[in-house]
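Asks: Compute the structure for the input listed below.
(chains A and B)
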Number of protein chains: 2
Amino acid sequence: MSLIVVGTMAFDAIETPFGKTDQIVGGSATYVAYAASNFVKPVQQVSIVGYDFPESEMNELKSRGVELEGVEIIKDKKSFFWSGKYHLDMNTRDTLVTDLNVLLDFNPKIPESYQGAEFLMLGNLDPVIQKQVITQLKTRPKLIVMDTMNFWMDIKMAELKDVLKLVDVLLVNDSEARQLSGEFSLVKAARSIMKMGPKYLIIKKGEHGAMLFNEDQVFFAPALPLEEVFDPTGAGDTFAGGFIGHIARTKDISFQNMKTAIIIGSAMASYCVEKFGPERLKEITREDISQRVNQFVDLVNFEIELKG
Amino acid sequence: MSLIVVGTMAFDAIETPFGKTDQIVGGSATYVAYAASNFVKPVQQVSIVGYDFPESEMNELKSRGVELEGVEIIKDKKSFFWSGKYHLDMNTRDTLVTDLNVLLDFNPKIPESYQGAEFLMLGNLDPVIQKQVITQLKTRPKLIVMDTMNFWMDIKMAELKDVLKLVDVLLVNDSEARQLSGEFSLVKAARSIMKMGPKYLIIKKGEHGAMLFNEDQVFFAPALPLEEVFDPTGAGDTFAGGFIGHIARTKDISFQNMKTAIIIGSAMASYCVEKFGPERLKEITREDISQRVNQFVDLVNFEIELKG
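Replies: Residues are numbered from 1 along each chain as shown, chains lettered A, B, ... in the order given. I've put the predicted structure just below:
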């Protein structure tokens, strides 16, 4: 039940209303791997790093069943670096620095040992690279999940739409769903996007939860009401990791099971935001995850009797 | 199982991205009554109108079991009039005209026949008037639910906090919860507001659903994903009417039953926004309401199995 994860492994420097970090480990594939490895092994990582990416982090990932054969190390360049500052509402942020560094050379080659993987998670990346990964796979995975962002809609919409034809599940936030479809209503946006290729669409709404669409079905998962969101960086990637991790573990790609996967993704994301970077994800146990999933059950459970 | 409803019965002129109305019937107590009368009779209305409020509307309300003895009619003045224009996102609006008219004379007297009512719904009004109503009741109702808005927080915060000490359930939207508490986190805001008097707090988040807080418990109800919100006017009052209507019908003020009441309020509100004014509320049947409540069950229902 192997899972290939493609994305960045990088450094972030983050400022939030609650504090500030120097350069810490981040990157979409890092968060996905930390989340997904709670549910499925191996996680077969595809990424690129520079000479500066810590070996201790690589070892930590390996110890969790993350295979790194597909992670290229460029000896004379630095890892991708992003720096940003969150506004008070934590839903919006300003990018302060983007140093692409090794990302300019990213031309992923899928190791032979990864061939035959049943599940593929494409983290947010240039859609051209996302497509390169799909076309290298000799057997089409049972489910291809893809994340993207407004940046690619701004500069590579045609390439994005091209790769969308090949994926099963697309993950975007609400404003990205509107931008991609040109529709303001999320219901109309979902219908439009599902005509572009993905049979399933997940719209992430941050503190307002997430929605899953498939044909005429819709599922709504709340976000856990938290006292404080300490650092939202990586929450979307962690959500994706929990989602695909659960799907890969159960090998069940039904709508019903995707609903459960979304709750598990939401539970993982609710842990992620409690500390800077992926720190909190390294601490939690399966027991912690179960407890939080049960909080979601309590949060949305209600009884209906309309008699009388 | 009688219910007293206090609020405005008025005229609105509304402009949305989908259309524009001339003066149509509106007012918080009107919407509450149309919603609540599906569940409980009599609804004992307390309001004030001018010579221009249509008798046909009064008759329509009466035919639904709404008692109007507490509705004062001022023969030489016009009814309260509000005019507003919604922005594209439908969550924000500009007030164009507010003609208080009869509202300047509103000094509600609770009819003797209303005494002993088990439930009280205080629609959005001057908190001084809300308090006057409570103090006129010889027997304290089983549950007092109150709505308010940012306007009263801006100009009558002390009076608002005074009446809050007397109510059981407060309804506000997310920005009002933040303003009232001075807390950005809604979890912290809820804790702070529940120290002001209300044991229960409902935070309405429009298209993002609603949350119910009580002590350390929290419940989240989504809004139904709609293709189009035609006119959001009255949606909050309709929600309140469905909520208190269900509570009054079942006479059960437990947290568990309030969760159900919130789903029913959400279902009613989802009908309200489909047409201008309370028009859609006049058309729907108990069967329609049950069908929509079932859509909420489908929307949030998921299975959890974390074995393996």
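Asks: The lengthiest helix in chain A and chain B, any residue contact?
Replies: Counting residues, the longest helix found in chain A (DSSP state H) is helix A:255-272. Yes: using Cβ under 8 Å from any Cβ of the partner chain, helix A:255-272 reaches chain B at A:Gln256, A:Lys259, A:Thr260, A:Ile262, A:Ile263, A:Ile264. Any C-beta I mention is one placed from the backbone N, CA and C, and that applies to glycine too.
Asks: burial of the second one, as a residue count?
Replies: I take that to be A:Lys259. Neighbour count for A:Lys259, taken as other Cβ atoms under 10 Å in any protein chain shown: 21.
Asks: Same check on the last one?
Replies: Neighbourhood size, A:Ile264 [other Cβ under 10 Å]: 30.
Asks: Next one: it relative to B:Val218, how far apart?
Replies: Remark: distance between A:Ile264 and B:Val218 (Cβ to Cβ, to the nearest Å) = 20 Å.
Asks: that older thread, helices or strands up against the longest helix of chain A?
Replies: When contacts are defined as 3 or more Cβ pairs under 8 Å, 6 or more residues apart in numbering or on different chains; DSSP states H and E, helix A:255-272 sits against helix A:28-36, strand A:200-204, strand A:210-214, strand A:217-221, helix A:235-250, helix A:279-283, helix A:286-300.
Asks: Restricting to C-alpha, output it in PDB.
Replies: What follows is helix A:255-272, C-alpha atoms only, in PDB (Å, rounded to 0.1, in the frame of the first residue of the first chain):
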ATOM      1  CA  PHE A 255     -17.000   8.900  -1.200                       C
ATOM      2  CA  GLN A 256     -17.900   7.600   2.200                       C
ATOM      3  CA  ASN A 257     -14.300   6.800   3.000                       C
ATOM      4  CA  MET A 258     -13.100  10.100   1.700                       C
ATOM      5  CA  LYS A 259     -15.400  11.800   4.200                       C
ATOM      6  CA  THR A 260     -13.600   9.900   7.000                       C
ATOM      7  CA  ALA A 261     -10.300  10.800   5.400                       C
ATOM      8  CA  ILE A 262     -11.200  14.500   5.500                       C
ATOM      9  CA  ILE A 263     -12.000  14.300   9.200                       C
ATOM     10  CA  ILE A 264      -8.600  12.600   9.800                       C
ATOM     11  CA  GLY A 265      -6.900  15.300   7.700                       C
ATOM     12  CA  SER A 266      -8.700  18.000   9.700                       C
ATOM     13  CA  ALA A 267      -7.500  16.400  12.900                       C
ATOM     14  CA  MET A 268      -3.900  16.300  11.700                       C
ATOM     15  CA  ALA A 269      -4.100  19.900  10.600                       C
ATOM     16  CA  SER A 270      -5.500  20.900  14.000                       C
ATOM     17  CA  TYR A 271      -2.300  19.500  15.600                       C
ATOM     18  CA  CYS A 272       0.000  21.100  13.000                       C
END
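Asks: now that helix, how far from the centre of its chain.
Replies: Here the centre of helix A:255-272 is set off from its chain's centre by 11 Å, with Cα atoms, centre = their mean, to the nearest Å.
Asks: Check the offset of stretch A:222-229 from the chain's centre.
Replies: Distance, centroid of stretch A:222-229 to centroid of chain: 18 Å (Cα atoms, centre = their mean).
Asks: Ok, stretch A:279-286 next?
Replies: 17 Å.
Asks: which parts of it are buried?
Replies: A:Glu279, A:Arg280, A:Leu281, A:Ile284 (16 or more other Cβ atoms under 10 Å in any protein chain shown).
Asks: Next, the closest residue to A:Thr92 other than its chain neighbours: phi, psi?
Replies: Excluding the flanking residues, the one nearest A:Thr92 by Cβ to Cβ, 6 or more residues apart in numbering or on different chains is A:Tyr86, at 7.4 Å. Note on A:Tyr86: its backbone torsions stand at phi -90, psi 150 [degrees, to the nearest 10].
Asks: Just the pLDDT for A:Leu125.
Replies: Looking at A:Leu125, its pLDDT stands at 94.
Asks: oh sorry, the question was meant for A:Leu306
Replies: Reported pLDDT for A:Leu306: 54.
Asks: that older thread, out of the buried residues of stretch A:279-286, which comes closest to chain B?
Replies: A:Ile284 (13.6 Å; Cβ to the nearest Cβ).
Asks: Next, count neighbours for the residue nearest to the closest one when sequence neighbours are not counted.
Replies: Leaving out its chain neighbours, the residue that sits closest to A:Ile284 by Cβ to Cβ, 6+ apart is A:Tyr271, at 5.4 Å. When neighbours are counted by other Cβ under 10 Å, A:Tyr271 registers 21.
Asks: Kindly report the same for A:His208.
Replies: 22.
Asks: Check whether it really touches B:Gly206, as I assumed.
Replies: No: applying Cβ atoms under 8 Å, one finds A:His208 not in contact with B:Gly206, separated by 9.9 Å.
Asks: how far away is the most centrally placed residue in chain A from B:Lys41?
Replies: Residue closest to the mean C-alpha point of chain A, counted by Cα atoms, centre = their mean, is A:Asp237 at 2.6 Å. With distances taken as Cβ to Cβ, A:Asp237 is found 53 Å from B:Lys41.
Asks: coming back round to it: okay if I get the helices and strands packed on helix A:255-272 as JSON lines plus mean pLDDT and distance to B:Ile304?
Replies: Shown next, in JSON lines, are the helices and strands packed on helix A:255-272 (pLDDT from 0 to 100; distance: least, Cβ to Cβ, whole Å):
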{"stretch": "helix A:28-36", "mean pLDDT": "98", "distance to B:Ile304": "17"}
{"stretch": "strand A:200-204", "mean pLDDT": "97", "distance to B:Ile304": "18"}
{"stretch": "strand A:210-214", "mean pLDDT": "97", "distance to B:Ile304": "15"}
{"stretch": "strand A:217-221", "mean pLDDT": "95", "distance to B:Ile304": "12"}
{"stretch": "helix A:235-250", "mean pLDDT": "97", "distance to B:Ile304": "10"}
{"stretch": "helix A:279-283", "mean pLDDT": "95", "distance to B:Ile304": "21"}
{"stretch": "helix A:286-300", "mean pLDDT": "93", "distance to B:Ile304": "6"}
